[in-house]
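Colleague: Okay, here's the prediction I keep looking at, along with the sequence it came from:
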Amino acid sequence: MSNYGPIGSCQVCGSTDLRSVLFLGYLPPVNTMRPFGTLPDQEAWFPAEMLYCARCHLVQLGYAADPHVLFPPEYPYTSGTTRILRENFADLYREVIERIDLSADDLIVDLGSNDGTLLSNFAEGGYNVLGIEPSLTAKLAEERGIPTLMTFFDKLTVEQVRREYGEPKVITATNVFAHINNVHEVVDNIEELVGEQGIFISESHYLRDLIETLQYDTIYHEHLRYYSLTSLKSLLERHGFRIFYVRRIPTHGGSIRVYASKTEAYPIDNSIEQILQEEAAVGLISDAWIPRFRERVVRSKLDLYELLARLKREGARIYGIGAPSRASTLINYVGLDDTLLECVLEVKGSKKLNKFIPGRNIPVVVESKLFVDQPPYVLLLSWHISSELCRNLKRGGYQGDFIVPLPTPHVIRNEEVGLAGQ
């Protein structure tokens, strides 16, 4: 398979028995945003179809877009601005030093290290660290004292790391392992870099959570694969890795943290068999879940549009809150524009400010506008952390109500925020 283009076979096992789960149409890259003051021009749009492999049960995207388009040097995402990610990375650090016998001179390498938030925990703990990050966020990591190679992770990078830094004891890949094309080359490179004794830890958006909570908004071209433990185990075992510990974590609406190594020094935890059995019990090792999932997505899309249309007919103003990558898929798939959603609000300092939502003329402006304008409704585009968002916005002085778009579109009244169950 070429580096990008249509994908006609399973990215893990090579089977051509791929079954369509959901086609969301053509979508733009979720982090390519037109700045204010520039005229609309031709944008790249790519087919977004989720596919299921009947042989190894991997769920994947049917098209690989050019990574240089998806991950430009000015890539706007920074993990350090999200509290749940900061807390998750601190938790991962504590878990690693409890489970793995690290020495002070051991090297920790993070793939797709972004602004260095994860590695900062290990650096503060006294360990050697190295980030690998292709975007300009690598410079943010360097500014905070995290050594970072600003490059894509490939064979040349592996050779450079081994030559200049040595063999790492731990390689981490958090919310990036499903993003890189030619996954077998990626795992080959990880295998060569980490050696026979090292540990590979991945965190990936978990397929079961995606299905159960209807997260169709996480289907976009940066996410080439949607892992279950079953499919991830199949992939890693093809390269001689054995999974020895797994844990479900709350990041990104539900993810799975997996420890793997080529050595048998680490006993296999009961968590693995438990989650594999759960996946079988809920039907993830067949295609039986697909019709119901597709039906729920379509109904949710229609219900959200009907809810917003009704509020607009009543004369209500609606702002969006937060511009995560998933917001682009939701807005474009549902068909929202600036006549329904007047603007999207981001915190001060966000690199997405003063730009337009991909594919739309919906402006992204500073969050303080919410508290001045006081629109009667805000659409929570980071709905997977809706409870926290509602509390924070109400605490900041917002007096209107909150629209939660998924899995079932509904309104949370301002006076309900803080009550039991919210």
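Modeller: Nice, thanks for sending it over.
Colleague: Would you state the helices of the stretch 51-200 of the chain in chain order?
Modeller: 67-70, 83-99, 117-124, 137-143, 155-164, 183-194 (DSSP state H, counting those that start in this stretch).
Colleague: need the ones you listed in a markdown table with mean pLDDT, distance to N270 and mean neighbour count, can you?
Modeller: Glycine gets a C-beta too; all of them are placed from N, C-alpha and C. Listed next are these as a markdown table, based on pLDDT from 0 to 100; distance: least, C-beta to C-beta, whole Å; neighbours: other C-beta atoms under 10 Å:
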| stretch | mean pLDDT | distance to N270 | mean neighbour count |
| --- | --- | --- | --- |
| helix 67-70 | 81 | 38 | 17 |
| helix 83-99 | 91 | 14 | 16 |
| helix 117-124 | 95 | 27 | 22 |
| helix 137-143 | 90 | 36 | 19 |
| helix 155-164 | 96 | 34 | 14 |
| helix 183-194 | 94 | 25 | 19 |
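Colleague: Now tabulate those helices in a markdown table and tack on distance to A288.
Modeller: Shown next, in a markdown table, are the helices of the stretch 51-200 of the chain (distance: least, C-beta to C-beta, whole Å):
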| stretch | distance to A288 |
| --- | --- |
| helix 67-70 | 32 |
| helix 83-99 | 32 |
| helix 117-124 | 37 |
| helix 137-143 | 41 |
| helix 155-164 | 40 |
| helix 183-194 | 26 |
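Colleague: Quick one, which of these gets closest to H57.
Modeller: Closest of these to H57 is helix 183-194, at 15.0 Å (criterion: C-beta to C-beta).
Colleague: For the closest one, name the packing helices and strands.
Modeller: Here helix 183-194 touches helix 155-164, strand 170-174, helix 229-237, going by 3 or more C-beta pairs under 8 Å, 6 or more residues apart in numbering; DSSP states H and E.
Colleague: Kindly calculate the angle that that helix makes with strand 170-174.
Modeller: If you take axes from the mean of the first three to the mean of the last three C-alpha atoms, to 10 degrees, helix 183-194 sits at 150 degrees to strand 170-174.
Colleague: ok, residues contacting helix 183-194?
Modeller: Applying C-beta atoms under 8 Å, 6 or more residues apart in numbering, the external contacts of helix 183-194 come out as 11-12, 109, 111, 153-155, 157-158, 161-162, 167-168, 170-171, 173, 177, 180, 200, 224-225, 235-236, 238-241, 261-262.
Colleague: Apply 7 Å and report the result again.
Modeller: Residues lying outside helix 183-194 but in contact with it, judged by C-beta atoms under 7 Å, 6 or more residues apart in numbering, are 11-12, 153-155, 158, 161-162, 168, 171, 180, 200, 225, 235-236, 239.
Colleague: what does stretch 346-360 give?
Modeller: Contacts to stretch 346-360, defined as C-beta under 7 Å, 6+ apart, come from residues 28-30, 32-36, 43, 76, 322-323, 327-328, 331-332, 337-338, 344, 362-367.
Colleague: Please enumerate the helices of the stretch 301-422 of the chain.
Modeller: Using DSSP H, counting those that start in this stretch, the helices assigned to the stretch 301-422 of the chain run over residues 325-334, 368-373, 386-396.
Colleague: ok, back up a step: could I get the helices and strands packed on helix 183-194 as TSV with distance to V378?
Modeller: Below are the helices and strands packed on helix 183-194 laid out as TSV (distance: least, C-beta to C-beta, whole Å):
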stretch	distance to V378
helix 155-164	42
strand 170-174	29
helix 229-237	36
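Colleague: And for D154, the neighbour number?
Modeller: Residues contacting D154 under the criterion other C-beta atoms under 10 Å number 15.
Colleague: do T16 as well
Modeller: T16, neighbours per other C-beta under 10 Å, totals 10.
Colleague: Contact partners for it?
Modeller: Counting by C-beta under 7 Å, 6+ apart, T16 has contacts 8-9.
Colleague: Kindly recompute the last result at 6 Å.
Modeller: Contact partners of T16, counting by C-beta atoms under 6 Å, 6 or more residues apart in numbering, are S9.
Colleague: Inside strands: which ones of the contacts of stretch 346-360?
Modeller: Among the contacts of stretch 346-360, DSSP state E puts 344, 363-366 in strands.
Colleague: how about low-confidence regions in the stretch 301-422 of the chain?
Modeller: Scanning the stretch 301-422 of the chain for pLDDT under 70 picks out 419-422.
Colleague: now the spatially most central residue of the chain: how far from D110?
Modeller: Nearest residue to the geometric centre of the chain (C-alpha atoms, centre = their mean): N175, 5.3 Å. For N175, the distance to D110 (C-beta to C-beta, to the nearest Å) stands at 11 Å.
Colleague: And the closest residue to Y259 other than its chain neighbours, how far from A265?
Modeller: Distances taken as C-beta to C-beta, 6 or more residues apart in numbering put Y245 closest to Y259, at 4.2 Å, once the chain neighbours are dropped. Going from Y245 to A265 by C-beta to C-beta gives 13 Å.
Colleague: out of these two, which sits in the more crowded spot?
Modeller: Shown here are Y245 and A265; by other C-beta under 10 Å, Y245 has more neighbours (20 against 11).
Colleague: secondary structure element for that one?
Modeller: Taking DSSP states H and E as the criterion, Y245 maps to strand 242-249.
Colleague: quick one: buried residues of that strand?
Modeller: By 16 or more other C-beta atoms under 10 Å, the buried positions in strand 242-249 come out as 242-247, 249.
Colleague: closest one to R395 among the helices of the stretch 51-200 of the chain?
Modeller: Closest to R395 of the helices of the stretch 51-200 of the chain, according to C-beta to C-beta: helix 83-99, at 14.0 Å.
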